[in-house]
Structures are given as structure tokens and as C-alpha cells.
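K.L.:
pasting the structure only:
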């Protein structure tokens, strides 16, 4: 768990080469990615309210938004990210209204004003983005999301959390290497396992990860006021946890 003093930022995600490497190698081969999306959609379908407006915070190229629109085609998506290369990919995927794309840096408290014209949201989702923030900022962002939600609406967080021990962390890293090596072979990439490990798992952007334990983050949500707080999916350091704003 970070103490909030780590100076490393997520600015690496403004680099086009890194974004391309992540989207074509890492994101496409994440373990059980389809299961994570299925759980997200099940939560949205179970809240007993129409899905009209959804904020995808740290949206990247729009993977979560695309899955939501496939299931809820009438929803209006607001994709918010501070990486212009990521949003450029999303622009080709969502070229026209009613969906909106905005450069938003949620490391700064001013981000709330940049999206509040669309609030309240029927759901806020986020995937593998907030873990780049120091712990004090993570908790602040969770509280800001809480106030942007409509009553009864969920915050669905697909996230990278810390392992309990270095031994478990090593197992997770080796799982990633195996999955990404298999994906590279499937697409005819031609890389050796060692090259995959260097290019995709032990990447330069790993220094921007500030991982926190799952249990602590669930407790933050409860303290903020979320109800139905739980982790609904977890494989090593990859998980999906949720909380709902009370009715």
C-alpha cells in the first residue's frame, strides 16, 4: 500500500507507443476479461432502473463503454480520460452523439466539474485506471464518484489491486506472461516468452502503478456511504468490486 507520497504519475499513458503496446498486447490478453465484462453487465441489469447515462472514468479506448452499449444501446456514455492517444482510439469507436469524450484528469479535484453537467449518472464504471493514483487520491475519487451517482446507482470498478505477498505477486506476473505469450502466438506475433515478459508484463508503465489491497478499498467504500459493497470477481491482482449509492 502506498503512503500517498509516491511521485510517479500516470503520464506514461500520454505516450502513443505505450498506448499501442497496451491495447494490442496487454488489454487484449488480460486473464478472464470477458468474465469481468459479464459481471459488470449483470450488475447493471440487476439494479432495477433504466441505464440512461453512464460515466466511464479512465475510459481508455472504450472497452467498458462498448460492452455497455452492446447490452444497453439506448444509454448515453461519457468517456473521460486524460490520455489523448487513448481517446483518439475511442473517437473512431464512438464517432457521433449522444456519446461524449472528454479530456479529464481525475488526479485533480476539478475533474468533477468537467462531468457534472451529465450527472446524476445511472452508473459509473472504471477499468484499470484509478490504481495509478496515490491512496489518498483513490479514496477522494471514490467519494467524488459517490456524489455523482443517482440514488440506487452502482459504482463498478474493474481494477488492479496489490497482492498479499511477493510470492503471490510472482504467480500473478507469470500468469500474465503465459496468457500474453499464448495470445502473441495466436496472432502470429513471433515473440519468445522472454520477449513477451519484457514487452508486456515488465513494462515501463509498471512504475506508475500504486496498488492498494482490495480489503482496504472495500472499507473505504463503506466509510464513504456505499451499500452492497463487495468483490464479485477476482483472479490474483485483477478484480471487480462494487458499491451502490443508497436509494
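P.N.:
Cool, got the structure. None of these values were measured; they are calculated from a predicted model.
K.L.:
CA only for contacts and neighbour counts going forward, please
P.N.:
OK.
K.L.:
pLDDT (mean, whole number) over the longest helix anywhere in the chain?
P.N.:
In the chain, with assignment by DSSP state H, the single longest helix is helix 166-186. Average pLDDT, helix 166-186: 92.
K.L.:
please apply the same query to stretch 239-247.
P.N.:
97.
K.L.:
that's a helix at residue 190, yeah?
P.N.:
No. Judged by DSSP: H, G, I helix; E, B strand; the rest coil, residue 190 forms no part of a helix; its state is coil.
K.L.:
and it, how many neighbours?
P.N.:
Neighbour count for residue 190, taken as other CA atoms under 10 Å: 12.
K.L.:
name the nearest residue to it, ignoring sequence neighbours.
P.N.:
residue 184 (6.9 Å; CA to CA, 6 or more residues apart in numbering).
K.L.:
what about that neighbour, distance to residue 60?
P.N.:
With distances taken as CA to CA, to the nearest Å, residue 184 is found 22 Å from residue 60.
K.L.:
just residue 225 next, same as before
P.N.:
Taken as CA to CA, the span from residue 225 to residue 60 is 28 Å.
K.L.:
between these two, which one's more packed in?
P.N.:
More crowded of residue 225 and residue 60, by other CA under 10 Å: residue 60, with 28 against 14.
K.L.:
let's verify the more buried one: helix, strand, or coil?
P.N.:
Per three-state DSSP, residue 60 ends up coil.
K.L.:
pretty sure it sits against residue 86.
P.N.:
Yes. Using CA atoms under 8 Å, residue 60 makes contact with residue 86 at a distance of 4.9 Å.
K.L.:
packing partners of the strand ranked longest in the chain?
P.N.:
Scanning the chain for the longest strand, with DSSP state E as the assignment, gives strand 227-235. Counting contacts by 3 or more CA pairs under 8 Å, 6 or more residues apart in numbering; DSSP states H and E, strand 227-235 is packed against helix 33-45, helix 214-224, strand 238-244.
K.L.:
and the angle for the shortest one with helix 33-45?
P.N.:
Regarding strand 238-244 and helix 33-45, their directions subtend 10 degrees when assessed with axes from the mean of the first three to the mean of the last three CA atoms, to 10 degrees.
K.L.:
show me what contacts residue 243?
P.N.:
Applying CA atoms under 8 Å, 6 or more residues apart in numbering to residue 243 gives the contacts 154, 155, 156, 221, 226, 227, 228, 229, 230.
K.L.:
phi first, then psi, for the first one.
P.N.:
So that's residue 154. Note on residue 154: backbone dihedrals following degrees, to the nearest 10 are phi -100, psi 150.
K.L.:
so what's it up against?
P.N.:
Residue 154 neighbours (CA under 8 Å, 6+ apart): 44, 47, 122, 123, 124, 242, 243, 244, 245.
K.L.:
tell me the contacts of the fourth one?
P.N.:
Listed by CA under 8 Å, 6+ apart, the contact set of residue 123 reads 44, 51, 53, 54, 55, 149, 150, 153, 154, 155, 156.
K.L.:
ok, those residues vs residue 111, which is closest?
P.N.:
In terms of CA to CA, no member of the contacts of residue 123 lies closer to residue 111 than residue 55, at 12.4 Å.
K.L.:
neighbouring strands - and their directions - for the particular helix or strand that has the closest one in it?
P.N.:
Assigned by DSSP states H and E, residue 55 belongs to strand 53-57. Looking at strand 53-57 with DSSP bridges, its partner strands are strand 76-81 (parallel), strand 123-127 (parallel).
K.L.:
so what touches that strand?
P.N.:
Counting by CA under 8 Å, 6+ apart, 62, 64-65, 75-81, 118-127, 129 sit against strand 53-57.
K.L.:
residues contacting the residue lying closest to residue 196 once chain neighbours are set aside?
P.N.:
Nearest non-adjacent residue to residue 196, counting by CA to CA, 6+ apart: residue 181, 5.9 Å away. Shown in contact with residue 181 (CA under 8 Å, 6+ apart): 191, 192, 193, 196.
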